[in-house]
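Have a look at this prediction, sequence included:
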Amino acid sequence: MRAEREARKVIEENRETEWRKPSFGKELFLGRLRLDLIDPLPELDPAAEARGVEFREKLTAYVETVDGQQIERDARIPDEVLRSLGELGAFGMKIDQKYGGLGLTNLDYCRALMLVGSVNPSIGALLSAHQSIGVPQPLKLVGNDEQKQRFLPRLAAGEVSAFLLTEPEVGSYPANLRTAAVPTEDGDYLLNGVKLWATNGTLATLYVVMALVPKSEGHKGGITAFVVEADAPGVTIERRNAFMGLRGLENSVTRFHDVRVPAANVIGGEGKGLRIALSTLNTGRLSLPAMCVGAGKWCLGVAREWAAERVQMGRPIGTYEAIAKKIAFIAGSTYGMEAMLEVSCRLADDNRNDIRIEAALVKLYASELAWKVADELVQIRGGRGYETADSLAARGERAVPAEQILRDLRINRIFEGSTEIMHLAIAREAVDAHLSVAGDIIDPEAGLGRKAKAAGKAGGFYAKWLPTLVTGKGQLPGGFADYGPLAVHLRYVERASRRLARETFYAMARWQGKLEHKQGFLGRVVDIGAELFAMSAACVKARTELAARPEGLELADLFCRQAALRADALFHDLWTNADSVELSAAKRVLAGRYLSLEEGVVAAPSDGSTTSTWSPGPSAEQDVRRRF
């Protein structure tokens with residue numbers, strides 16, 4: 001329990017706690033549907049939009065010539081593709097023009113990722129990891145002018161970067177980070193440690209490395225972000241990791257042994273590393289749902305063509321209700337994901353709103369929904385959905401890699417925060433207002449004086465807040481009439497938002513400090529919020545684009561009906577569930593009570609360590625870095 005508290009303390013100390021800007025997501029969890037924060041959407045800058053269109057036209061012309069299946073077969077993006085992307089400026093999409101980049105908006109950047117990911121998702125992952133969490137993003141946020149001048153032009157020109165945080169024994173909670181950066185007498189740092197799962201690690205020439213600086217005289221210490229040259233003496237790429245999907249991903253195990261890093265390469269100051277990492281992900285997470293949206297569009301096209309052409313019992317299979325429901329799910333889900341992404345990107349580009357909740361919600365929501373979309377596509381195509389594209393082509397059939405998209409999408413539920421971690425992180429933000437007024441009441445370590453003071457503060461807050469959850473615009477028959485046929489869905493969202501806030505308050509009152517351990521409940525609260533945000537975004541998107549895309553009304557209506565059914569089921573499950581029974585059963589499983597249930601099969605390998613360990617020292621492995 002102490003280790004758990006320490007880990008949470010590290011995260012809490014580095015979490016952005018202030019809300020200097022309005023937040024649609026924050027208000028939604030408090031029972032307030034603030035449509036004025038997302039409608040009308042911020043205006044697009046004409047010059048920036050023109051740059052985005054021009055770049056995507058060039059990018060489209062090029063990627064149409066790339067053989068995505070060759071990348072799948074070789075498990076490698078060819079050198080010529082990497083060079084050509086660099087020449088197009090694809091490695092500098094998010095880098096400002098004054099440093100040689102394209103300076104694209106978040107929206108155009110995400111559209112570009114959708115495009116390249118549809119050819120092969122490994123290309124999208126390459127560009128995303130380089131720009132969304134690699135060196136360009138933290139430098140853009142907190143880097144100094146000298147660092148930007150020194151590194152960004154190199155990256156805009158086609159050099160690759162990677163982000164190194166995870167270690168063999170350290171996952172989502174970095175409190176136990178072992179990679180150390182020890183200050184030297186001449187003011188530099190000596191870096192020692194091993195990093196796991198560094199996307200682009202075998203290709204990168206520059207890394208963002210998170211390391212622990214020991215506290216000492218003149219040094220604040222703490223987790224610190226460094227820019228590290230991949231060619232520095234003591235850096236070894238010990239291996240390239242392989243996965244069930246994203247076969248072209250260049251992902252490494254990287255060892256640092258007495259790597260000298262100049263003090264000038266510290267980003268933001270000592271002890272600021274974890275805060276920088278969390279801030280980077282606020283907008284950096286938008287790249288992942290962009291590729292999920294692209295996958296949804298790709299799946300919809302394949303499902304439409306196949307279901308119209310494939311005839312069974314005298315009828316196209318798309319005319320049967322069982323298949324039609326799947327097609328409608330793919331279409332509605334793709335529209336909802338795209339709406340969430342576009343709204344989040346427009347808010348990020350406008351920079352007048354705090355989008356930490358929205359970005360986290362769309363990452364969580366799109367990664368889960370896109371996986372289901374791909375699964376339904378495989379089911380629609382039947383045996384041909386399970387068969388590889390090369391095998392189909394060898395028989396003379398169209399080479400549609402449906403099984404590949406399913407494998408490639410699976411990692412998105414783990415990348416950049418697993419679904420389970422995302423639930424907890426978003427839930428922490430969702431109940432932030434409650435914790436800020438009732439923190440000491442539910443804190444077991446708080447004394448009576450602090451509890452009494454907190455009780456008075458909480459009483460004042462809830463006396464004003466709770467009455468606002470009783471009635472609202474969603475109960476008026478004419479509420480949101482400006483949205484025409486979509487008004488019924490916004491009335492639902494408004495009512496559901498207030499209901500969600502009430503349920504959260506009941507949970508706080510019932511469990512108090514134990515609420516953080518009710519992960520099943522908190523996960524459903526977050527999932528309801530995601531559905532409500534998605535419905536709101538879909539209605540705003542349809543209304544905004546009504547003149548150009550009138551069919552958006554139909555798609556938004558379809559999606560909102562599907563989303564409302566899911567939200568209703570989640571509301572039901574908040575209090576009617578098997579959480580406690582399942583938790584008790586899991587404890588018995590872990591204690592070995594049900595070993596008899598595992599009999600009758602050849603067990604998985606049990607020799608060797610479940611988690612690799614490392615010891616300080618020089619590498620004993622051959623360097624497997626790739627140069628292009």
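Right, received. Where do you want to start?

so who does the nearest residue to residue 45 once chain neighbours are set aside touch?
Excluding the flanking residues, the one nearest residue 45 by C-beta to C-beta, 6 or more residues apart in numbering is residue 105, at 7.4 Å. To be clear about C-beta, it is placed using only N, CA and C from the backbone, and glycine gets the same treatment. Contact partners of residue 105, counting by C-beta atoms under 8 Å, 6 or more residues apart in numbering, are 44-45, 48-49, 52, 345, 349.

Kindly report the same for residue 571.
With C-beta under 8 Å, 6+ apart, residue 571 has these contacts: 496, 499-500, 503, 528.

ok, now with 10 Å
Taking C-beta atoms under 10 Å, 6 or more residues apart in numbering, we find residue 571 in contact with 496, 499-500, 503, 524-525, 528.

JSON lines for those residues, including secondary structure?
Formatted as JSON lines, the contacts of residue 571 follow (DSSP: H, G, I helix; E, B strand; the rest coil):
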{"residue": "496", "secondary structure": "helix"}
{"residue": "499", "secondary structure": "helix"}
{"residue": "500", "secondary structure": "helix"}
{"residue": "503", "secondary structure": "helix"}
{"residue": "524", "secondary structure": "helix"}
{"residue": "525", "secondary structure": "helix"}
{"residue": "528", "secondary structure": "helix"}
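
Just the buried ones out of those residues, please.
496, 499-500, 503, 524-525, 528 (16 or more other C-beta atoms under 10 Å).

Which one of those residues is nearest to residue 596?
residue 524 (32.9 Å; C-beta to C-beta).

ok, the closest one to residue 267 distance?
According to C-beta to C-beta, to the nearest Å, residue 524 stands 37 Å off from residue 267.

Could you pull up phi and psi at residue 189?
Main-chain torsions, residue 189, degrees, to the nearest 10: phi -130, psi 150.

quick one, strands of the stretch 101-250 of the chain?
Using DSSP state E, counting those that start in this stretch, the strands of the stretch 101-250 of the chain run over 161-164, 180-183, 189-199, 206-213, 222-229, 235-241.

Tell me which of those sits most buried.
The highest mean neighbour count among those, using mean count of other C-beta atoms under 10 Å, belongs to strand 161-164: a mean of 28.

So which elements touch it?
Contacts defined by 3 or more C-beta pairs under 10 Å, 6 or more residues apart in numbering; DSSP states H and E place strand 161-164 against helix 136-142, helix 145-156, strand 189-199, strand 206-213, strand 222-229, strand 251-261, helix 273-284.

Lowest average pLDDT across those?
Between the helices and strands packed on strand 161-164, the lowest average pLDDT goes to helix 273-284, which shows a mean of 85.

If you average the pLDDT over stretch 388-404, what comes out?
Stretch 388-404 shows a mean pLDDT of 97.

ditto for stretch 87-99
If you average the pLDDT over stretch 87-99, you get 97.

before we move on, what about stretch 311-329?
97.

and the gap between the residue of the chain positioned farthest from its centre and residue 324?
Centroid-distance maximum for the chain: residue 314 at 43.9 Å, with C-alpha atoms, centre = their mean. Applying C-beta to C-beta, the value for residue 314 to residue 324 is 16 Å.

quick one: residue 425 and residue 359 touch, right?
No - using C-beta atoms under 10 Å, residue 425 is not in contact with residue 359, being 11.1 Å away.

Now the common contact residues for the two.
Common neighbours of residue 425 and residue 359 (C-beta under 10 Å, 6+ apart) are residue 281.

Give me the distance between residue 615 and residue 364.
Going from residue 615 to residue 364 by C-beta to C-beta gives 37 Å.

My error: substitute residue 110 in the last question.
16 Å.

more crowded one of residue 615 and residue 364?
The residue with more neighbours, out of residue 615 and residue 364, is residue 364; 28 against 5, by other C-beta atoms under 10 Å.

Where does the more buried one sit: helix, strand or coil?
Following three-state DSSP, residue 364 is assigned to helix.

go on, residue 593?
Going by three-state DSSP: residue 593 is coil.

Next up, phi/psi of it, please.
Backbone torsions for residue 593, taken as degrees, to the nearest 10, come to phi -70, psi -30.

count of neighbours near it?
Applying other C-beta under 10 Å, we find 11 residues neighbouring residue 593.

which residues does the residue lying closest to residue 74 once chain neighbours are set aside contact?
Distance criterion C-beta to C-beta, 6+ apart; nearest residue to residue 74, sequence neighbours excluded, is residue 248 at 7.8 Å. Applying C-beta under 10 Å, 6+ apart to residue 248 gives the contacts 68, 70-78, 81, 120-123, 125-126, 408.

Then residue 186?
In this structure, residue 186 makes contact with 260, 262-263, judged by C-beta under 10 Å, 6+ apart.

do you know how far residue 560 is from residue 141?
Using C-beta to C-beta, residue 560 is found at 35 Å from residue 141.

of these two, who's got more company?
In this view residue 560 and residue 141 are compared by other C-beta under 10 Å, and residue 560 has more residues nearby, 27 against 15.

Pull the contacting residues for the more buried one.
Residues near residue 560 by C-beta under 10 Å, 6+ apart: 332, 335-336, 486, 488-490, 492-493, 531, 534-536, 538-539, 542, 567.

In which helix or strand does it reside?
Element membership of residue 560 [criterion: DSSP states H and E] is helix 552-575.

Downstream of that helix, the next helix or strand is which one?
Sequence-wise, the next helix or strand downstream of helix 552-575 (DSSP H and E) is helix 579-590.
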